Each structure stands twice: as C-alpha cells, then as structure tokens.
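Q: Could you look at this predicted model? Sequence included:
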Amino acid sequence: MTTPARTLHTPAGVYSSSMDTYPLVEARNQLGQLVGRVRHGQEHILITEYGKPAAALIPISELEELQRLRDEADVAEARAREAARSGPSMAHDEFMAQLEEEDRREVAS
C-alpha cells in the first residue's frame, strides 16, 4: 500500500509527490515487485523509515547518469584546485578521500 501523493521536505532535499512511497517493512515484503516496476516502468520508489525518507529505488540508467555527473564534478574540482595550487600535490586516492569527506560534512550540516 502506497502513501498518498505528497511533497516530502527533508534536510537532503524535496521529494516529488509523483513518487510512490512505501514504508521499509512493506517495501521489504514487495521488493521483487518494486524492482520490476523500477526496471521496466522507469518508476521511482521512495522508501521511508519511521515516516522519513530513507532510500530510493531508481532505474540503473539514472544511477549511472548520477555517477557520471558526480565524476564530472570531481574532475572539474580537481582541475580548479590544480589551477589554484594552494599546497603540495597529493595522490589521486588521497584527493578522492578528501572530496568524499567534504561531501559527508556538507550533508551532515
């Protein structure tokens, strides 16, 4: 059973009312069906825990696009920092860890 269409506002963003929403327990019981709807119907499913958005099911093509956009943003950030050269250079893995830590801090604030 989905909840009525509505807009959910959270610190992480605003979620569309057109997205079907399922409590975690219900989503767990219907996971196969929900995955099929996302895969074949290109739907978005929002999963809540204790009434708050916790996760979303999206088509894999959209996840790949999100990752591509994030990678492009990371490359742009690396180029900008390289151009600014405010300190010693660092290894790629160290730079990516630093970016991820900054992302975590931004989400937490």
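A: Here it is on my side, so go on. All figures in this text were calculated on a predicted structure; none of them were measured in a lab.
Q: what about A97, distance to R81?
A: 14 Å (CB to CB, to the nearest Å). Bear in mind the C-beta positions are built from the backbone N, C-alpha and C, glycine included.
Q: ok, now R104?
A: For R104, the distance to R81 - CB to CB - is 18 Å.
Q: Of the two, which one has the most company?
A: Neighbours were counted for R104 and for R81 using other CB atoms under 10 Å; R81 has more, 16 against 10.
Q: and the residue lying closest to the more buried one once chain neighbours are set aside, what element?
A: Once flanking residues are discounted, R81 sits nearest to F95: 8.0 Å by CB to CB, 6 or more residues apart in numbering. Assigned by DSSP states H and E, F95 falls within helix 92-108.
Q: Alpha carbons of that helix, as CSV, please.
A: Provided in CSV are the C-alpha atoms of helix 92-108 (Å, rounded to 0.1, in the frame of the first residue of the first chain):
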residue,chain,number,x,y,z
HIS,A,92,44.5,10.6,-6.6
ASP,A,93,43.2,8.3,-3.8
GLU,A,94,44.0,10.9,-1.2
PHE,A,95,42.3,13.6,-3.2
MET,A,96,39.1,11.5,-3.7
ALA,A,97,39.0,10.6,0.1
GLN,A,98,39.3,14.4,0.8
LEU,A,99,36.4,15.1,-1.6
GLU,A,100,34.2,12.4,0.0
GLU,A,101,34.9,13.7,3.5
GLU,A,102,34.0,17.2,2.4
ASP,A,103,30.7,15.8,0.8
ARG,A,104,29.9,14.0,4.1
ARG,A,105,30.5,17.1,6.1
GLU,A,106,28.3,19.1,3.8
VAL,A,107,25.4,16.6,4.0
ALA,A,108,25.7,16.4,7.8
